[in-house]
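Trainee: just coords:
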DNA sequence: ATATCGATTATCT
DNA sequence: GATAATCGATATG
């Protein structure tokens, strides 16, 4: 798997896992965006290799975490072989385990009970956005950039629990102005945890 | 429901 | 010096 568009589709339905055992945080990937190399002006790799985007030019399966708007982190998965650029932005997760921890990190600790299953309207505020999910999973550039997401031994990895994605919707990417017409956003049809339908 | 706006700083030109 | 793959709040219909 190399082309970010193929990797994006393959990632839908997989599970992002932080930590191990009973306290592990888990969330199903329900929305992603592909960022290509040459020809995709919206991609961070568009203007060549820099210290910030170096992971995108490295081997696939690694975390590219960037900081933006002075306060937010976003998580991407590198796709290509060494030397080529391409990645997939993880935009939204459906919380599966560790909702209490996620709520606390998101500043929603006082708004929910000690129950593990949150009411729907609060659950949607845990990880239905690229910066929200990083906050919920405590993902930062200092701690996670370059991490191997394919290893179960890694503190942050992506697993497969057998879930099969049904219908995948293709749309234009959110929050960009350059190359905005490209249909590189993908999400699970009908899933309530997508950042926006 | 949709629109606009401010926060806040690493990174790049 | 300008920008930014966002979010949450506020205003308006």
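Mentor: That came through fine. Here the structure is a predicted model, which means the values were calculated and not measured.

Trainee: helix or strand for the residue nearest the centre of chain A, which one?
Mentor: With the centre of chain A defined as its mean C-alpha position, the nearest residue by CA atoms, centre = their mean is residue A:90, 2.0 Å away. For residue A:90, the host element (DSSP states H and E) is strand A:87-97.

Trainee: roughly how far is whatever helix or strand comes next after that strand from the heart of the chain?
Mentor: Using DSSP H and E, the helix or strand that follows strand A:87-97 in sequence is helix A:99-105. The chain centre lies 17 Å from the centre of helix A:99-105; the measure is CA atoms, centre = their mean, to the nearest Å.

Trainee: again with stretch A:35-52
Mentor: Centroid separation for stretch A:35-52 versus its chain: 18 Å, with CA atoms, centre = their mean.

Trainee: next: stretch A:30-47.
Mentor: 14 Å.

Trainee: hmm, that stretch in reach of DNA strand B?
Mentor: Yes. Under the criterion of CB under 7 Å from any atom of the strand, DNA strand B is reached by stretch A:30-47 at residue A:47. Every residue, glycine included, has its C-beta placed from N, CA and C.

Trainee: buried ones in that stretch?
Mentor: A:30-37, A:40, A:42-46 (16 or more other CB atoms under 10 Å).

Trainee: go on, stretch A:46-54?
Mentor: A:46, A:53.

Trainee: what's next to that stretch, contact-wise?
Mentor: A:38, A:40, A:44, A:45, A:57, A:64, A:66, A:85, A:178 (CB atoms under 8 Å, 6 or more residues apart in numbering).

Trainee: that concludes my questions; thank you for your assistance.
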